[in-house]
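> The sequence and its predicted three-dimensional model are supplied below.
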Number of protein chains: 2
Amino acid sequence: MLLIGELARRTGTKVETVRFYEREGLLPPPKRTAGNYRAYSNRHLNRLSFIRRARDLGFTLDQVRELLDLADDANRSCAAVDAIASTHVAEIDRKIADLNALREELVRLLDQCEQGTIAHCLILDALAPAGLEGTAHRRDVSAPDPGRE
Amino acid sequence: MLLIGELARRTGTKVETVRFYEREGLLPPPKRTAGNYRAYSNRHLNRLSFIRRARDLGFTLDQVRELLDLADDANRSCAAVDAIASTHVAEIDRKIADLNALREELVRLLDQCEQGTIAHCLILDALAPAGLEGTAHRRDVSAPDPGRE
DNA sequence: TATCCACCCTGTATCCACTAGAGGGTCAAG
DNA sequence: CTTGACCCTCTAGTGGATACAGGGTGGATA
């Protein structure tokens, strides 16, 4: 009933992405019209909406596949779904912690910066390796000549 | 002076990654030994250390390239470096905000879950599209048969 | 009927930053 | 003379799409 463009529009998906999900086996291949256009049903619409919501919540395509498999079997325990979501929250927590640490480090560098010249730039100093010896300047990350030394 | 394995070990990089940085133009090609092994100098070591630190702080390879270019020109203002770092902090802030929103949504779902069967799983319900009509169950994201209407 | 245009098709390449593997060469020790 | 650790080049794969080339379809308009 729906052509791919309309399906894409209704689910906030790009047309290429819909075809990509078909190739990946997440969305079953629909019937075709006489002109070889994909003709989608409401069930396809529902399934694609589910996929998009799960992706928006950050689930990987593999996790989405698992969730869809679980949803197909109404009698199984909800525990497996819970486990996937819990794992996902733990991953998110780890990412947030990593980003916070990074942010702190960068802000610390920025706070030190007094807008001088590169030669005295504290940000670059912080990036440069510690304990250089015997070079012209204590921070020297300039490109060695190809094939040098 | 250093073979690639030793350089990699000292900078916490994989050997393949060192070669990758060379292909990408971040690390200049070193001299070769008689047996065609890459022979690195201390300048290479410094430069690779810089690259790794910047990457650890989440800068993209393009940003690293920019930072290295800036570091090469000691007389320029530090402002450009500051700008790159500030942009990066803003990106991190956006990512953290996104992840926090995601996390909240997922935890809300998990809190509702009462470990029943899939048929009554609130997590799956939350993922399923709103306003379904005329199907056997109000949530139906099961795979339509290939080629089915 | 011709032409236009929006839409659809398949197939392939691209993005990022690596990582892995095939298939082989080098070099020092035993 | 063989073992084994290291090195080489080249190619392909990861995730999750996105973009494009080169063509077909179908409805409205001139």
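Thanks, I have it. Numbers count the residues shown, from 1 in each chain, chains lettered A, B, ... in the order given.

> What's the local residue count around residue A:90?
Residues lying near residue A:90 (other Cβ atoms under 10 Å in any protein chain shown) number 10. Where C-beta positions appear, they are placed from N, C-alpha and C, glycine not excepted.

> so what's it scoring on pLDDT?
If you check residue A:90, the pLDDT there is 94.

> On the three-state scheme, it is what?
Reduced to three states with DSSP: H, G, I helix; E, B strand; the rest coil, the structure at residue A:90 is helix.

> Quick one, grab the pLDDT at residue A:119.
Per-residue confidence (pLDDT) for residue A:119: 61.

> what does the domain assignment say about chain A?
Listed by automatic domain parsing, the domain ranges of chain A are A:1-76, A:78-130.

> Residue A:88 contacts residue A:62, correct?
No. If you go by Cβ atoms under 8 Å, residue A:88 and residue A:62 don't touch, sitting 11.5 Å apart.

> Those two: which is more packed in?
Using other Cβ under 10 Å as the criterion, residue A:88 and residue A:62 rank with residue A:88 on top: 20 against 9.

> Okay, the more buried one and residue A:64: tell me how far apart.
Using Cβ to Cβ, to the nearest Å, we find residue A:88 at a distance of 11 Å from residue A:64.

> so what's residue A:33 closest to, chain neighbours aside?
residue A:39 (5.2 Å; Cβ to Cβ, 6 or more residues apart in numbering or on different chains).

> That neighbour is in contact with residue A:7, isn't it?
No. Taking contacts as Cβ under 8 Å, residue A:39 lies outside contact range of residue A:7: 9.8 Å.

> which one of these two has more residues nearby?
residue A:7 (23 against 17).

> ok, the residue nearest to that one when sequence neighbours are not counted to residue A:56 distance?
Leaving aside its chain neighbours, residue A:7 sits nearest to residue A:40 (4.9 Å; criterion: Cβ to Cβ, 6+ apart). According to Cβ to Cβ, residue A:40 and residue A:56 sit 20 Å apart.

> Who has more neighbours out of those two?
Between residue A:40 and residue A:56, counted using other Cβ under 10 Å, residue A:40 has the larger neighbour count: 25 against 12.

> Run the contact check for stretch A:95-111 versus chain B.
Yes. Interface with chain B: stretch A:95-111 contributes A:95, A:96, A:99, A:100, A:102, A:103, A:105, A:106, A:107, A:109, A:110 (Cβ under 8 Å from any Cβ of the partner chain).

> That stretch: how far from the chain's middle?
Centroid displacement of stretch A:95-111 relative to its chain, using Cα atoms, centre = their mean, to the nearest Å, is 20 Å.

> Show me what the stretch of helix or strand residue A:84 belongs to is packed up against.
Taking DSSP states H and E as the definition, residue A:84 sits inside helix A:79-112. For helix A:79-112, the elements it packs on are helix A:61-72, helix A:122-127, helix B:79-112, helix B:122-127, judged by 3 or more Cβ pairs under 8 Å, 6 or more residues apart in numbering or on different chains; DSSP states H and E.

> buried residues in that helix?
Neighbour-count burial for helix A:79-112, counted by 16 or more other Cβ atoms under 10 Å in any protein chain shown, picks out A:80-82, A:84-85, A:88-89, A:92, A:95-96, A:99, A:102-103, A:106, A:109-110.

> filter those down to the ones close to DNA strand D.
Among the buried residues of helix A:79-112, no residue lies close to DNA strand D (Cβ under 7 Å from any atom of the strand).

> with those residues in mind, which one is nearest to residue B:22?
If you rank those by distance to residue B:22 using Cβ to Cβ, residue A:102 comes first, at 26.5 Å.

> tell me which parts of chain A are close to DNA strand C?
Selection of chain A residues close to DNA strand C by Cβ under 7 Å from any atom of the strand yields A:3, A:4, A:5, A:6, A:8, A:15, A:16, A:19, A:36, A:37, A:38.

> Please indicate which of those residues are buried?
Among these, those scoring as buried are A:4, A:8, A:38 (criterion: 16+ other Cβ under 10 Å).

> Surely the last one touches residue A:4?
Going back to what we said before, that points to residue A:38. Yes. Residue A:38 lies in contact with residue A:4 (Cβ under 8 Å); the separation is 5.0 Å.

> ok, residue A:3 - contacts?
By Cβ atoms under 8 Å, 6 or more residues apart in numbering or on different chains, residue A:3 lies in contact with A:37, A:38, A:39, A:40.
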